[in-house]
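In: Sharing a sequence plus its predicted fold:
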Amino acid sequence: IVTHDCNLPRPYSLGFRVQGVSGISEFDYHTKRIHIEGKTEGHGWEDMDSYIKEYDHPLWKKHGKGATEAGHGGIDFFVMNAFVESAKENIAPPMDAYDAAAWSAVTPLSELSIENNGAPQDFPDFTRGNWIKRAPYNWMKENY
(Lines give C-alpha, C1' and ligand atoms only; values in the text may rest on other atoms or scores of the structure.)
Protein backbone atom coordinates (compact mmCIF):
# COMPACT_ATOMS: atom_id res chain seq x y z
CA ILE A 1 0.00 0.00 0.00
CA VAL A 2 1.46 3.34 -1.00
CA THR A 3 -0.28 6.51 0.10
CA HIS A 4 1.04 9.97 -0.61
CA ASP A 5 -1.24 12.67 0.70
CA CYS A 6 0.00 16.19 1.29
CA ASN A 7 -3.42 17.80 1.59
CA LEU A 8 -5.52 16.18 4.29
CA PRO A 9 -4.90 17.36 7.85
CA ARG A 10 -3.25 14.80 10.10
CA PRO A 11 -0.06 14.36 12.12
CA TYR A 12 3.08 13.44 10.19
CA SER A 13 3.39 9.68 9.82
CA LEU A 14 5.61 7.35 7.83
CA GLY A 15 3.11 4.53 8.43
CA PHE A 16 5.54 1.60 8.59
CA ARG A 17 3.98 -1.85 8.58
CA VAL A 18 5.57 -5.29 8.44
CA GLN A 19 3.22 -8.22 8.02
CA GLY A 20 3.87 -11.92 7.69
CA VAL A 21 1.91 -15.14 7.97
CA SER A 22 2.03 -15.20 11.79
CA GLY A 23 2.12 -11.57 12.77
CA ILE A 24 2.00 -7.89 12.02
CA SER A 25 3.69 -4.79 13.41
CA GLU A 26 3.01 -1.13 12.86
CA PHE A 27 5.45 1.49 14.00
CA ASP A 28 6.10 5.16 13.66
CA TYR A 29 7.36 7.99 15.85
CA HIS A 30 4.79 7.51 18.58
CA THR A 31 3.18 4.16 17.79
CA LYS A 32 4.88 0.80 18.18
CA ARG A 33 2.46 -2.07 18.23
CA ILE A 34 2.59 -5.73 17.32
CA HIS A 35 0.38 -8.78 17.08
CA ILE A 36 1.94 -12.26 17.01
CA GLU A 37 -0.35 -15.21 16.45
CA GLY A 38 -0.21 -17.54 19.42
CA LYS A 39 1.50 -14.96 21.67
CA THR A 40 -0.67 -11.85 21.62
CA GLU A 41 -3.96 -12.32 23.45
CA GLY A 42 -7.11 -12.23 21.34
CA HIS A 43 -7.25 -10.11 18.23
CA GLY A 44 -5.64 -7.04 19.79
CA TRP A 45 -2.31 -5.32 19.73
CA GLU A 46 0.49 -5.24 22.28
CA ASP A 47 3.28 -2.75 22.79
CA MET A 48 6.51 -3.56 20.89
CA ASP A 49 8.94 -2.23 23.52
CA SER A 50 9.76 -5.62 25.06
CA TYR A 51 10.34 -7.12 21.60
CA ILE A 52 12.54 -4.18 20.59
CA LYS A 53 14.69 -4.64 23.69
CA GLU A 54 15.13 -8.33 22.93
CA TYR A 55 15.34 -8.39 19.11
CA ASP A 56 16.45 -4.93 17.96
CA HIS A 57 19.25 -4.92 15.39
CA PRO A 58 22.75 -4.32 16.82
CA LEU A 59 23.16 -1.20 14.66
CA TRP A 60 20.04 0.35 16.21
CA LYS A 61 21.39 -0.54 19.63
CA LYS A 62 24.74 1.06 18.76
CA HIS A 63 23.59 4.19 16.86
CA GLY A 64 19.88 4.51 17.67
CA LYS A 65 19.95 7.53 19.92
CA GLY A 66 22.11 9.64 17.60
CA ALA A 67 20.44 8.25 14.48
CA THR A 68 16.96 9.38 15.50
CA GLU A 69 18.21 12.97 15.61
CA ALA A 70 19.39 12.75 11.97
CA GLY A 71 15.91 12.75 10.44
CA HIS A 72 13.04 10.48 9.43
CA GLY A 73 13.24 8.45 12.61
CA GLY A 74 16.89 7.50 12.06
CA ILE A 75 16.67 6.16 8.53
CA ASP A 76 18.55 9.16 7.11
CA PHE A 77 21.51 8.37 9.36
CA PHE A 78 21.72 4.74 8.30
CA VAL A 79 21.41 5.50 4.58
CA MET A 80 24.11 8.15 4.69
CA ASN A 81 26.32 6.07 6.99
CA ALA A 82 26.11 3.05 4.65
CA PHE A 83 27.07 5.25 1.71
CA VAL A 84 30.06 6.78 3.51
CA GLU A 85 31.27 3.43 4.90
CA SER A 86 30.96 1.83 1.43
CA ALA A 87 33.03 4.64 -0.06
CA LYS A 88 35.68 4.25 2.65
CA GLU A 89 35.89 0.51 1.89
CA ASN A 90 35.82 1.14 -1.89
CA ILE A 91 32.86 -1.19 -2.39
CA ALA A 92 29.50 -0.65 -4.07
CA PRO A 93 27.04 1.35 -1.95
CA PRO A 94 23.62 -0.11 -1.11
CA MET A 95 22.03 2.20 -3.69
CA ASP A 96 23.80 2.57 -7.02
CA ALA A 97 23.36 5.22 -9.71
CA TYR A 98 20.72 3.13 -11.50
CA ASP A 99 18.60 2.80 -8.36
CA ALA A 100 19.00 6.51 -7.61
CA ALA A 101 17.93 7.42 -11.17
CA ALA A 102 14.89 5.12 -10.96
CA TRP A 103 13.82 6.56 -7.59
CA SER A 104 14.30 10.08 -8.90
CA ALA A 105 12.28 9.45 -12.07
CA VAL A 106 8.99 8.95 -10.22
CA THR A 107 8.33 12.66 -9.60
CA PRO A 108 8.87 13.96 -13.17
CA LEU A 109 6.98 11.00 -14.62
CA SER A 110 4.09 11.70 -12.24
CA GLU A 111 4.09 15.34 -13.33
CA LEU A 112 4.02 14.28 -16.99
CA SER A 113 1.14 11.94 -16.27
CA ILE A 114 -0.82 14.73 -14.55
CA GLU A 115 -0.12 17.11 -17.43
CA ASN A 116 -1.49 14.47 -19.80
CA ASN A 117 -4.77 13.79 -18.02
CA GLY A 118 -3.41 10.87 -15.99
CA ALA A 119 -1.99 9.02 -18.99
CA PRO A 120 0.49 6.26 -18.13
CA GLN A 121 4.12 7.12 -18.80
CA ASP A 122 6.86 4.79 -19.98
CA PHE A 123 9.35 4.21 -17.21
CA PRO A 124 12.92 4.47 -18.50
CA ASP A 125 15.24 1.49 -18.15
CA PHE A 126 18.38 3.24 -16.98
CA THR A 127 20.33 -0.04 -17.13
CA ARG A 128 19.52 -0.55 -20.85
CA GLY A 129 18.32 -4.08 -20.13
CA ASN A 130 21.29 -5.04 -17.96
CA TRP A 131 19.10 -5.26 -14.84
CA ILE A 132 18.24 -8.80 -15.89
CA LYS A 133 21.89 -9.88 -15.60
CA ARG A 134 22.72 -7.95 -12.44
CA ALA A 135 23.57 -10.10 -9.45
CA PRO A 136 21.59 -9.23 -6.34
CA TYR A 137 23.53 -6.85 -4.12
CA ASN A 138 24.33 -8.15 -0.66
CA TRP A 139 23.30 -5.01 1.17
CA MET A 140 23.17 -6.63 4.60
CA LYS A 141 26.33 -5.57 6.41
CA GLU A 142 27.21 -6.17 10.04
CA ASN A 143 28.95 -2.86 10.65
CA TYR A 144 26.73 -0.36 8.74
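Out: Great, that's in hand. Residues are numbered from 1 along each chain as shown.
In: which residues sit against stretch 92-112?
Out: 79, 82-83, 86-87, 121, 123-124, 126-127, 131, 137, 139 (CB atoms under 8 Å, 6 or more residues apart in numbering). For glycine as for every other residue, the C-beta is placed from the backbone atoms N, C-alpha and C.
In: go on, stretch 127-135?
Out: 98, 125.
In: In helices, which of the contacts of stretch 92-112 fall?
Out: 79, 82, 83, 86, 87 (DSSP state H).
In: in the longest helix along the chain, what counts as buried?
Out: Across the chain, the helix with the greatest residue count (assigned by DSSP H) is helix 97-115. Within helix 97-115, the residues scored as buried using 16 or more other CB atoms under 10 Å are residue 102.
In: pLDDT weak spots in the chain?
Out: Residue ranges of the chain with pLDDT under 70: 1-3.
In: So if we follow the domain assignment, how does it break up?
Out: Residue ranges for the domains of the chain, per the TED database: 1-55, 57-143.
In: now, of those domains, which is deepest in the fold?
Out: Across those, averaging neighbours per residue (mean count of other CB atoms under 10 Å) puts domain 57-143 on top, at a mean of 12.
In: ends of it, how far apart?
Out: Terminal residues of domain 57-143 are spaced 11 Å apart (CA to CA, to the nearest Å).
In: Report the distance from it to the chain centre.
Out: 9 Å (CA atoms, centre = their mean, to the nearest Å).
In: The residue lying closest to residue 22 once chain neighbours are set aside and residue 79, how far apart?
Out: Excluding the flanking residues, the one nearest residue 22 by CB to CB, 6 or more residues apart in numbering is residue 37, at 4.5 Å. From residue 37 over to residue 79 the distance is 32 Å, taken as CB to CB, to the nearest Å.
In: is it true that residue 25 touches residue 33?
Out: Yes. Contact criterion CB atoms under 8 Å: residue 25 and residue 33 qualify, at 6.9 Å.
In: out of the contacts of stretch 92-112, what pair is the most spread apart?
Out: 87 and 121 (33.2 Å; CB to CB).
In: What helix or strand is the residue nearest to the spatial centre of the chain located in?
Out: Centre of the chain computed as the mean C-alpha position; nearest residue by CA atoms, centre = their mean is residue 75, 7.7 Å away. Secondary structure assigned from DSSP states H and E places residue 75 in helix 75-89.
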